[in-house]
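# give me the fold of what follows.
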Amino acid sequence: MALDRLYQQTILEHNRKPRNFGRLAEATHAARGQDALCGDDILIELIVEGERVRQAAFSGEACAVTKASASMLTEWLTGRQVAELIAWRDRFEALLKNAELEDAPELGPINQLRAVAQFPARLRNVLLPWNAAGQAVT
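Below you'll find the model as predicted:
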């Protein structure tokens, strides 16, 4: 299957059935991500215990790319160390911007979002949840 088809299927699946969509009543950390150009407005909420993310969720209105990225990010984040989020946020941006870099096995299916690099105007959409999550923990 071509990368662009896999990317499209991933986006559509996470848009139709986003994982971890909704509010976390007992969130310990939260940050809003907004993009005035396209109208994306999401809230990333985390329950952090010690240095580990016990639970992650998002809510709000966003385009399919942003929603898929938030869905995949919140799945990936659950159970991870806060420091991993900070380190991998920068690494993920580098992967998006440099097609010559190898996929990062640690990111699993999130690597499929690298196809967004074919559409440079959408990079801000795929990074919006990552930036909001990073703001939530710093």
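# so who does Glu26 touch?
For Glu26, the contacting residues are Ile47, by C-beta atoms under 8 Å, 6 or more residues apart in numbering. Every residue, glycine included, has its C-beta placed from N, CA and C.
# show me where this structure has helices.
3-16, 64-77, 82-97, 123-137 (DSSP state H).
# hey, least reliable of those helices by pLDDT?
With a mean of 78, helix 3-16 has the lowest mean pLDDT of the helices of the chain.
# so for stretch 20-32, what gets flagged as buried?
Using 16 or more other C-beta atoms under 10 Å as the test for burial, stretch 20-32 gives Asn20, Phe21, Leu24, Ala27, His29, Ala30, Ala31.
# next one: stretch 69-79
For stretch 69-79, burial by neighbour count (16+ other C-beta under 10 Å) applies to Ser69, Ala70, Ser71, Met72, Leu73, Thr74, Glu75, Trp76, Leu77, Thr78.
# residues contacting the third one?
Pointing back at Ser71 there. His14, Pro18, Arg19, Asn20, Phe21, Phe58.
# name the nearest residue to the third one, sequence neighbours excluded.
What sits nearest to Arg19 in space, not counting adjacent residues and going by C-beta to C-beta, 6 or more residues apart in numbering, is Ser71, at 4.6 Å.
# roughly how far apart are that neighbour and Pro120?
Computed as C-beta to C-beta, to the nearest Å, the Ser71 to Pro120 distance reads 22 Å.
# ditto for Ala31
Remark: distance between Ala31 and Pro120 (C-beta to C-beta) = 25 Å.
# what does the pLDDT read for Ala62?
Reported pLDDT for Ala62: 96.
# surely it is in contact with Ile44?
No. Counting by C-beta atoms under 8 Å, Ala62 does not reach Ile44; the two are 11.2 Å apart.
# the closest residue to Gly39 other than its chain neighbours bridge partners, please.
Excluding the flanking residues, the one nearest Gly39 by C-beta to C-beta, 6+ apart is Glu61, at 7.0 Å. Beta bridges link Glu61 to Asp41 when assigned by DSSP bridges.
# can you report how many residues neighbour Glu61?
Glu61 has 10 neighbours, counted by other C-beta atoms under 10 Å.
# quick revisit: comparing the helices of the chain, which comes out most buried?
helix 64-77 (a mean of 24; mean count of other C-beta atoms under 10 Å).
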